[in-house]
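A.B. asks: Pasting the sequence and the predicted model now:
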Amino acid sequence: MDSSIFIGLIDAREGKLDSASMKLAEARELMPGSRKEDPKWATIQEFSCNLLRAEILLAEGAFDEVIEVMDNASPSEVPAMNPPSIMRLSMPLYQDILARAYMKKEKWDKVIAVYENLINFDPDSTDRRVVPLLYHYRIAKLYELKGWKGKAIEHYEIFLAPWEDAESSPPDVQDAHKRLAGLK
């Protein structure tokens, strides 16, 4: 099932929506067996199916539907606290579909709220997903847009820290350096 989800997510990002929809259908067909084997993982798999469905809808421009799907989809309890379980739960790494839908609708405060929820650690929660550094770059740009200089600087610095000694860097890193320099 996981391979159908991951391939479907790649297909959706590449604009191969028919193929992504077929992969979603394949994953959904496997759900009843998963529920019998391990109900906790079935919840995570249902969340993964919702992520794929939302990616497809986002690619189709159905932003309100993405928001509806993601508002009603959230991973529940983490089935186990071991590295393979955490890695599996963190895939796909880019679980900011709701933020990207709000971004398309230019609902900046809602985008910020989603990213803050994704990057802030809640010790009372069982959610232990990996926080992609890219989220810090995206929220820094939003803070900059809102005129919140201090917060923007903080998150640009978090995003750029691993690139400190890199000989070359991708465009997002180059842009973050320029934006950070402009804020200082």
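C.D. replies: Perfect, thanks for sending it. Residues are numbered from 1 along each chain as shown.
A.B. asks: quick one: contacts for the most centrally placed residue in the chain?
C.D. replies: With distances taken as CA atoms, centre = their mean, Gln95 lies nearest the centre of the chain, 1.7 Å away. Taking CB atoms under 8 Å, 6 or more residues apart in numbering as the criterion, Gln95 is in contact with Leu51, Leu118, Arg129. For glycine as for every other residue, the C-beta is placed from the backbone atoms N, C-alpha and C.
A.B. asks: any chance of those in JSON lines, with distance to His136, pLDDT and neighbour count too?
C.D. replies: Formatted as JSON lines, the contacts of Gln95 follow (distance: CB to CB, whole Å; pLDDT from 0 to 100; neighbours: other CB atoms under 10 Å):
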{"residue": "Leu51", "distance to His136": "21", "pLDDT": "89", "neighbour count": "25"}
{"residue": "Leu118", "distance to His136": "10", "pLDDT": "88", "neighbour count": "18"}
{"residue": "Arg129", "distance to His136": "15", "pLDDT": "72", "neighbour count": "15"}
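A.B. asks: Tell me which of those fall in helices.
C.D. replies: Leu51, Leu118 (DSSP state H).
A.B. asks: Closest one of the contacts of Gln95 to Ala140?
C.D. replies: Leu118 (13.6 Å; CB to CB).
A.B. asks: residues contacting the closest one?
C.D. replies: Residues near Leu118 by CB under 8 Å, 6+ apart: Gln95, Asp96, Ala99, Val131, Tyr135.
A.B. asks: possible to save those as TSV with secondary structure, distance to Trp148 and pLDDT?
C.D. replies: Below are the contacts of Leu118 laid out as TSV (DSSP: H, G, I helix; E, B strand; the rest coil; distance: CB to CB, whole Å; pLDDT from 0 to 100):
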residue	secondary structure	distance to Trp148	pLDDT
Gln95	coil	24	81
Asp96	coil	19	90
Ala99	helix	17	94
Val131	coil	20	83
Tyr135	helix	16	94
